[in-house]
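Participant: Sequence isn't available, so here's the structure alone:
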């Protein structure tokens, strides 16, 4: 099962689902689970309804991560797994 964990302001989340008043001025941590039974979006569907969280894509402007594969390979290089 695929999941997403995010921190979101209560007021922002309240635009999607109705929250109790005590949650509105708080930062909330939410888990979102992918419904595997739902058909995937087709190319022609309108993407304007996609929900955008501040944390989504937060590393997209990192100059040191322009090539993710080489970055990952580099940070893993030299790791030792002694058993």
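Facilitator: Great, that's in hand. If you're wondering where the values come from, they're calculated on a predicted model, not measured in any experiment.

Participant: what ranges do the helices span in the chain?
Facilitator: Per DSSP state H, the chain carries helices over the ranges 10-13, 68-76.

Participant: Distance check, residue 29 against residue 69.
Facilitator: 30 Å (Cβ to Cβ, to the nearest Å). Glycine gets a C-beta too; all of them are placed from N, C-alpha and C.

Participant: With residue 6 instead?
Facilitator: On the measure of Cβ to Cβ, residue 6 and residue 69 end up 25 Å apart.

Participant: what about the strands in this protein?
Facilitator: Under the criterion DSSP state E, the chain contains strands at 3-9, 27-33.

Participant: Rebuild those as CSV, extending it with mean neighbour count, distance to residue 77 and mean pLDDT.
Facilitator: Formatted as CSV, the strands of the chain follow (neighbours: other Cβ atoms under 10 Å; distance: least, Cβ to Cβ, whole Å; pLDDT from 0 to 100):
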stretch, mean neighbour count, distance to residue 77, mean pLDDT
strand 3-9, 12, 29, 90
strand 27-33, 11, 33, 91
